[in-house]
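*Asks:* coordinates for the following, if possible.
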Amino acid sequence: MPDFGFSRDEEMFRAEVREFAERVLSPMRRSWDHDRQYPLEQMQRLLESGLPGRAREIGPTNVLRGIFAEEIARADFNCVYPLLPLWAGPGGSMEGMGLPAPLAEQVSRGERLQALAITEAQTGSDAGHAGTTAVRDGDDWVLNGEKNSVSTLNADYFVVFARTGTVEEGAKGVSGFLVTRDSPGVSISEPFADMGNRATPRGVLTLTNVRVPASNQLSGVGMKASGFEHIGRILDTNRAIIGLICLGAAAASVEETVAYAKERVLFGRPISMNQGVAFPLVEASTLMEAARLLCYKALWMADQGLRHTTEGAMIKWWVPRLAGDVIRECIVLRGHMGYTEELPLEQRLRDVLGWEIGDGTPQICKLVVARALFGREAAPL
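*Replies:* Numbering: from 1, shown residues only. Alright, predicted model coming up:
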């Protein structure tokens, strides 16, 4: 019989993260969103709290990262992604594709910020046909191109994917390179004026004759396209993490709305006694529980070294949309106050919407699942 529970250590970790998030992060949520301020000070406070070290003591599993992400997102959606690189479970480490150990250690201590630069304006989800090029010149590679939608734009270094082979080679002709922020030829745009996720800057990274030493080419042993396959596995796991981030925000919204419905009295009784109020929250809770199980199953598979591409794609097309629908229902049930910035609901809805797009749109993820169902030769093009 499968074990659907968490260990005592994992539950204690969950409680510690929730307490920290509610005490340190929640009070700042609104100001970070309004001022588009990156939560750097709070990242340092998290490091000082000892929680990342506690996670390593329990075991740096992907399931534990999921617990962490879900609980942080309940307090502030924007604080999760900058903190996830503090540790990685099996198969989720950038060090696995050649990231230098000293730099990986700096990332784990929160001293350096990392970002992935994959997306381009003309390729989007078709990352295997990147237009950014890397040409070998002696002991260096010379990179030229533009990366769009780079999250954590204030990072200290970027893992940039550029074409080293022919277009016909697809992903096999794409390699990852470590590019520091202060490299000559690196240009960083002003952050986009995004409707959500405002505390995490996102924008464009332009590379003009950027020279990086050959040692900065990331390539794990036996990996295709110098780490391209490895990054695909990381994204599979990240999709489950994204699902739990969205569910954390939705779960907090449901809990707040349940409490409100029990206290709000109309026509002489709490509105929770009306089926029109109670049943939508029942339906939301049911679907969210199913979604959580799928997310943690995918993370468990990652910890077992099992491929979870299909599960990750299922999560990515479904769970952010589900979370958005749940939060929207909570806004309506809260009435006119739900539509104001006084409550966190409208921010959560804006934040969740962004993750319907990032790390794989619903359309591309459904295509991944369709290929698993029908086989590539019979699936939609």
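*Asks:* what about the nearest residue to residue 295 once chain neighbours are set aside, which helix or strand?
*Replies:* Distances taken as CB to CB, 6 or more residues apart in numbering place residue 243 nearest to residue 295, at 4.3 Å, with adjacent residues excluded. Placement of C-beta: from N, CA and C, glycine included. Assigned by DSSP states H and E, residue 243 falls within helix 228-263.
*Asks:* quick check, residue 190 in contact with residue 203.
*Replies:* Yes: with contact defined as CB atoms under 8 Å, residue 190 reaches residue 203; the gap is 6.5 Å.
*Asks:* name the residues contacting each of those two.
*Replies:* Shared contacts of residue 190 and residue 203, defined by CB atoms under 8 Å, 6 or more residues apart in numbering, are absent.
*Asks:* what's the helix holding residue 243 packed up against?
*Replies:* helix 62-75, helix 80-83, strand 157-163, strand 174-180, strand 269-270, helix 275-303, helix 309-333, helix 345-354 (3 or more CB pairs under 8 Å, 6 or more residues apart in numbering; DSSP states H and E).
*Asks:* which of those has the lowest mean pLDDT?
*Replies:* Lowest mean pLDDT within these: helix 80-83, at a mean of 71.
*Asks:* quick revisit: quick one, the helix holding residue 243 and strand 174-180 angle?
*Replies:* Orientation of helix 228-263 against strand 174-180 (axes from the mean of the first three to the mean of the last three CA atoms, to 10 degrees) gives an angle of 70 degrees.
*Asks:* buried residues in helix 228-263?
*Replies:* By 16 or more other CB atoms under 10 Å, the buried positions in helix 228-263 come out as 228, 230-254, 256-258, 260-261.
*Asks:* can you check stretch 44-62 too?
*Replies:* Applying 16+ other CB under 10 Å to stretch 44-62 flags 46, 47, 49, 51, 52, 55, 60, 61, 62 as buried.
*Asks:* just to revisit the earlier point, between residue 190 and residue 203, point out the one with more neighbours.
*Replies:* residue 203 (18 against 9; other CB atoms under 10 Å).
*Asks:* what about that one, which SS state?
*Replies:* Put simply, residue 203 is strand when judged by DSSP: H, G, I helix; E, B strand; the rest coil.
*Asks:* my guess is it contacts residue 188. True?
*Replies:* Yes: here residue 203 reaches residue 188: they are 6.7 Å apart, a contact under CB under 8 Å.
*Asks:* as a quick check, tell me the outermost residue of this protein.
*Replies:* residue 268 (44.7 Å; CA atoms, centre = their mean).
*Asks:* give the contact list for the closest residue to residue 285 other than its chain neighbours.
*Replies:* In this structure, residue 285 finds its nearest non-sequential neighbour in residue 254, 6.2 Å apart by CB to CB, 6+ apart. Residue 254 makes contact with 281, 284, 285, 288, 326, 330 under the criterion CB under 8 Å, 6+ apart.
*Asks:* go ahead and confirm the fourth one touches residue 326.
*Replies:* Yes: with contact taken as CB under 8 Å, residue 288 and residue 326 are classed as touching, separated by 6.6 Å.
*Asks:* overlap of the contact sets of the two?
*Replies:* Joint contacts of residue 288 and residue 326 (CB under 8 Å, 6+ apart) are 250, 254.
*Asks:* higher neighbour count, the two?
*Replies:* residue 326 (29 against 19).
*Asks:* ok, now which ones touch that one?
*Replies:* The contact partners of residue 326, by CB under 8 Å, 6+ apart, come to 250, 253, 254, 284, 287, 288.
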